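> Next input, structure requested:
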Amino acid sequence: MRTPVATYALIALCCALFAVSPVSGLNPAHGSAEQLLEAQSSYFARWGVVPAELLSGSPRALLTPLTAPFVHGSWLHLLGNMLFLYVFGAMTEERMGRSGFVLFYLGTGYVALLVYAVANAESAQTLVGASGAISAVLGAFLHLFPRARVTSLFPFLFFVPLRFPAWAVLVFWFAVQWVAAQNAGPGPGVAYLAHLAGFTTGFLCAWGRFRPGARVRASTAASEGEGKP
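This is a model prediction of the structure:
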């Protein structure tokens, strides 16, 4: 398999942008705690998706679904997303090609955030993170490599590493997101709807582009942690 240059580049870009952002806490120039919180708020408002603004048709807001996937709210948020991208992105990129994978990632991420915005049209809460785009990668992986096996860690199994077919892991993940979306309350939190929209869009895109008979049957030794995009 070729080196997944696009996957590694996306991971590197997300990590680099997070490191220099006020969210990482690594830049002492942000000053006091109050100044840091103000800088973080401004950072999210500038680069994240605000549903009410996006649906207003503002040219600047229409670009935010392309910038929001490169903005993360915490170290845990970043590391969880990048782990999923690392595990499932390489083989998906190999199948789609580098440029095709990047376009897929950006396009499906945009759709996932747009679906969330439409469903929360009056919300002024800022949405950030690559979860929608990475969920699309998971959906595409399910179609392309349903028989691949991945090593997973589940909290309720005491984090014992076990190998499962990719289809079982991803269907379970989708079910968890669905249940969580049904029980999610209003206000800030995890955008489960964006996860579901991204996963569905990614699966349908892969299904439409690659004939079922052309799916790749392969195994992967990559490990997946408990973090959810």
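> next SSE after the one helix or strand residue 7 maps to?
In the assignment (DSSP states H and E), residue 7 maps to helix 5-20. Remark: after helix 5-20, the chain's next helix or strand is helix 33-47, criterion DSSP H and E.
> Count the residues that sit near residue 9.
Residue 9 has 12 neighbours, counted by other C-beta atoms under 10 Å. For glycine as for every other residue, the C-beta is placed from the backbone atoms N, C-alpha and C.
> Can you give me the distance of it to residue 70?
Distance, residue 9 to residue 70, using C-beta to C-beta, to the nearest Å: 12 Å.
> so what's residue 132 closest to, chain neighbours aside?
residue 112 (2.8 Å; C-beta to C-beta, 6 or more residues apart in numbering).
> The one you found contacts residue 177, doesn't it?
No - using C-beta atoms under 8 Å, residue 112 is not in contact with residue 177; the gap is 11.7 Å.
> neighbour count winner among these two?
Each of residue 112 and residue 177 has its neighbours counted (other C-beta under 10 Å); residue 112 has more, 31 against 23.
> Now for the most centrally placed residue in the chain: which residues touch it?
Nearest to the mean C-alpha position of the chain, counting by C-alpha atoms, centre = their mean, stands residue 131 at 2.2 Å. Contact analysis of residue 131 by C-beta atoms under 8 Å, 6 or more residues apart in numbering lists 81, 112, 190, 191, 194, 195, 198, 229.
> With residue 53 instead?
By C-beta under 8 Å, 6+ apart, the residues touching residue 53 are 61, 64.
> So the residue nearest to residue 11 when sequence neighbours are not counted, which state does it fall into?
In space, and not counting its chain neighbours, residue 11 is closest to residue 82: 5.1 Å by C-beta to C-beta, 6+ apart. What DSSP: H, G, I helix; E, B strand; the rest coil gives for residue 82 is helix.
> per-residue confidence at residue 82?
Looking at residue 82, its pLDDT reads 94.
> so what does the helix or strand residue 198 falls within touch, helix or strand wise?
Secondary structure from DSSP H and E places residue 198 in helix 192-209. Counting contacts by 3 or more C-beta pairs under 8 Å, 6 or more residues apart in numbering; DSSP states H and E, helix 192-209 packs against helix 98-119, helix 131-144, helix 166-183.
> Export those to TSV and append columns for distance to residue 5 and mean pLDDT.
Output for those, formatted as TSV (distance: least, C-beta to C-beta, whole Å; pLDDT from 0 to 100):
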stretch	distance to residue 5	mean pLDDT
helix 98-119	6	96
helix 131-144	15	93
helix 166-183	23	75
